[in-house]
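J.: structure of the sequence below:
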Amino acid sequence: MWAINSNAEFAIYGEVDPNEDVPKFGKKFMQEQNHSTDLRPDSKTERIVMLGAGHATLEIIKRWKTFESVDASLTLISSCGHATYSGMLPATLAGLHRQEVLNIPLEPLCRDAGVDFVQANVDKIDTMSRQIITDKNRIAYDFAVISIGSDTVDPQALAKAKHVVAVRPMPNFVERFGSAIESNGQSRFQAFPFPRL
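T.: Next up, the predicted model:
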């Protein structure tokens, strides 16, 4: 995961000090990096904006209420209204679970954690004005956390291959995989019998 601070400097982020109950962002992060903490003279609250709903950002959202001492607001921007839990993917493809178990709805998760959720596509990060420009609006930030995962190098080339289905993007993988199975004359999802141990 990457973070951009207000000075447009990049830092690898992802650790919480086990001896303290605050994440390494906000004023504490700035003090540790010997930067000024006066990011917004008009307000004490710093704006942390996370791009992408991967495992790392979901963990931050889950734990956000435990960081009450952090004087910051948190916003999640995701192009999709749900996150895909990849840990359930093998069992879902094997027909052991319904596809719905893969999807984590982001709006209620964020609401319950006190996190703002914006479903939008990010077009640009303007580091000079500290704004994230989406297809819907502009969102100001003091820290931008980029956790957008990876993607297939050339999804169009893979789409032309008859027996190849790219796993990414994950939100619609199960549909694409099921369509590929059906186009090859097989039933969509058939549970495989597992031997009892």
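
J.: how's this structure carved up into domains?
T.: The record's domain parsing of the chain by automatic domain parsing lists 2-149, 151-187.

J.: per-stretch mean pLDDT over the ones you listed, give me the minimum one.
T.: For these, mean pLDDT drops lowest on domain 151-187, to a mean of 73.

J.: looking at the protein, which helix is longest?
T.: When the chain is parsed with DSSP state H, its longest helix is helix 173-183.

J.: then stretch 140-148 to CSV, C-alphas only?
T.: Taking C-alpha atoms only, stretch 140-148 is exported to CSV below (Å, rounded to 0.1, in the frame of the first residue of the first chain):
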residue,chain,number,x,y,z
ALA,A,140,-9.6,17.0,-0.7
TYR,A,141,-7.0,15.0,1.2
ASP,A,142,-4.0,15.4,3.5
PHE,A,143,-3.0,11.8,3.0
ALA,A,144,-4.0,9.5,0.1
VAL,A,145,-3.6,5.8,0.6
ILE,A,146,-3.4,3.9,-2.7
SER,A,147,-4.3,0.2,-2.4
ILE,A,148,-5.7,-0.7,-5.8
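
J.: in that stretch, what's buried?
T.: Of the residues in stretch 140-148, 141, 142, 143, 144, 145, 146, 147, 148 count as buried by neighbour count, 16 or more other C-beta atoms under 10 Å. Using the backbone N, CA and C atoms, a C-beta is placed for each residue, glycine as well.

J.: what about residue 185, neighbour count?
T.: By other C-beta atoms under 10 Å, the residues close to residue 185 number 6.

J.: where does it land in three-state SS?
T.: coil (DSSP: H, G, I helix; E, B strand; the rest coil).

J.: from the buried residues of stretch 140-148, which two are the most distant?
T.: Comparing all pairs in the buried residues of stretch 140-148 by C-beta to C-beta, the longest separation belongs to 142 and 148, at 19.5 Å.

J.: so which of the buried residues of stretch 140-148 sit within strands?
T.: Among the buried residues of stretch 140-148, the ones falling in strands (DSSP state E) are 143, 144, 145, 146.
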